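*Asks:* show me how the following folds:
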Amino acid sequence: MKIATETLSPRSFGGVDDVVIVGGGLAGLFCALKLSPRPVTILTAAPIGEGASTAWAQGGIAAAVAEGDSPEAHAHDTVAAGAGLVDDQIALAMTREAPERVQDLRHYGVAFDQDSEGRLLVSHEAAHGARRIVHVRGDAAGQAIMMALVAAVKATSSIRLLANMQAEALLIEDLKVGAVRARAVLAHAVRAALCLEVLLVAVVDQRVEPVDRGDDDITAPPAVTAARAAELDELLAPERNAAVAAVARAHVHLGLIEEFHF
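*Replies:* As a prediction, this is how the structure comes out:
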């Protein structure tokens with residue numbers, strides 16, 4: 001069954017067409033928030049907040065936010081550590097942006113570690129010549145940042161989320177990108193339900209044969225008894241039924257978006 005494309009037409013505020021962002025990681029969510037109140041549509045193959053590597057990042061963010069530090073000193077350390085691989089102008093541009101971007105993240109709800117007077121706590125790491133690494137609960141920066149941005153995006157009316165949509169192609173119109181072709185994919189929840197169903201079948205239908213390795217007393221673990229299998233079947237029946245229903249809903253509601261224009 002195909003999704004009616006007219007229900008996904010671009011929104012326009014004051015004649016300004018919306019922006020389509022492919023990907024729901026830190027960069028995509030942050031960009032959407034910075035573009036607000038301009039209308040933005042985010043296409044993400046997984047539910048928002050899932051599937052992105054940012055949440056696994058345990059280190060902090062380097063920024064010249066401490067007294068006595070400067071973006072120029074930060075850039076100098078970065079270029080030196082790069083041993084000829086770093087463009088000094090790009091490094092300087094990024095280090096000059098860093099303090100403001102940290103403040104943006106605080107505005108969006110990221111609770112960076114602070115001292116008793118409310119100043120950002122900074123640590124001295126790697127090749128930095130000053131204390132300039134900000135953290136969240138020590139090593140939870142990535143997860144905290146994603147949670148805060150997801151909450152901010154969901155609370156922003158100018159941002160529309162199309163989760164479980166896999167972008168496949170950019171369509172060119174008059175030498176310009178005029179549309180994104182995308183397809184619906186099975187939601188993670190449905191996949192989890194399918195895994196549960198497979199697990200149930202594997203447990204209930206378990207058949208174990210003796211393993212002969214040449215030793216008389218080596219056998220596989222005993223098979224699940226018929227009584228235990230019936231008990232497990234009854235216990236997991238609600239979850240199994242939910243899995244079947246989820247798959248049915250997926251087949252009905254998930255289809256192909258042939259063209260998403262913007």
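
*Asks:* quick one, strands of this structure?
*Replies:* Assigned by DSSP state E, the strands in the chain fall at 12-13, 16-17, 19-22, 40-44, 61-62, 122-123, 133-134, 159-163, 165-173, 176-184, 256-261.

*Asks:* nearest to residue 77, out of the ones you listed?
*Replies:* strand 61-62 (9.0 Å; C-beta to C-beta). For every residue, glycine as well, the C-beta is placed using N, CA and C.

*Asks:* partner strands of the closest one and their direction?
*Replies:* strand 133-134 (antiparallel) (DSSP bridges).

*Asks:* now tell me what touches the strand it pairs with from outside.
*Replies:* Outside of strand 133-134, the residues that reach it under the criterion C-beta atoms under 8 Å, 6 or more residues apart in numbering are 59-63, 65, 102, 112-113, 120-125, 141.

*Asks:* confidence-wise, which of those residues comes last?
*Replies:* Scanning the contacts of strand 133-134 for pLDDT, the low point is residue 59. It has 82.

*Asks:* count the residues that sit near that one.
*Replies:* By other C-beta atoms under 10 Å, the residues close to residue 59 number 13.

*Asks:* list the contacts of it.
*Replies:* So residue 59 contacts 125, 133, 135, 139, 141-142 (C-beta under 8 Å, 6+ apart).

*Asks:* which residues sit in contact with the residue lying closest to residue 57 once chain neighbours are set aside?
*Replies:* Nearest non-adjacent residue to residue 57, counting by C-beta to C-beta, 6 or more residues apart in numbering: residue 142, 3.1 Å away. Going by C-beta under 8 Å, 6+ apart, residue 142 touches 54-59.

*Asks:* again, only using 7 Å
*Replies:* Counting by C-beta atoms under 7 Å, 6 or more residues apart in numbering, residue 142 touches 54-58.

*Asks:* go on, residue 170?
*Replies:* 177, 180.

*Asks:* which strand residues bridge it?
*Replies:* Here residue 170, judged by DSSP bridges, has bridge partners residue 180.

*Asks:* now do the domain split for this protein, please.
*Replies:* Residue ranges for the domains of the chain, per automatic domain parsing: 59-139, 187-250.

*Asks:* can you tell me the closest non-neighbouring residue to residue 30?
*Replies:* In space, residue 30 is closest to residue 149, 6.3 Å off (C-beta to C-beta, 6+ apart).
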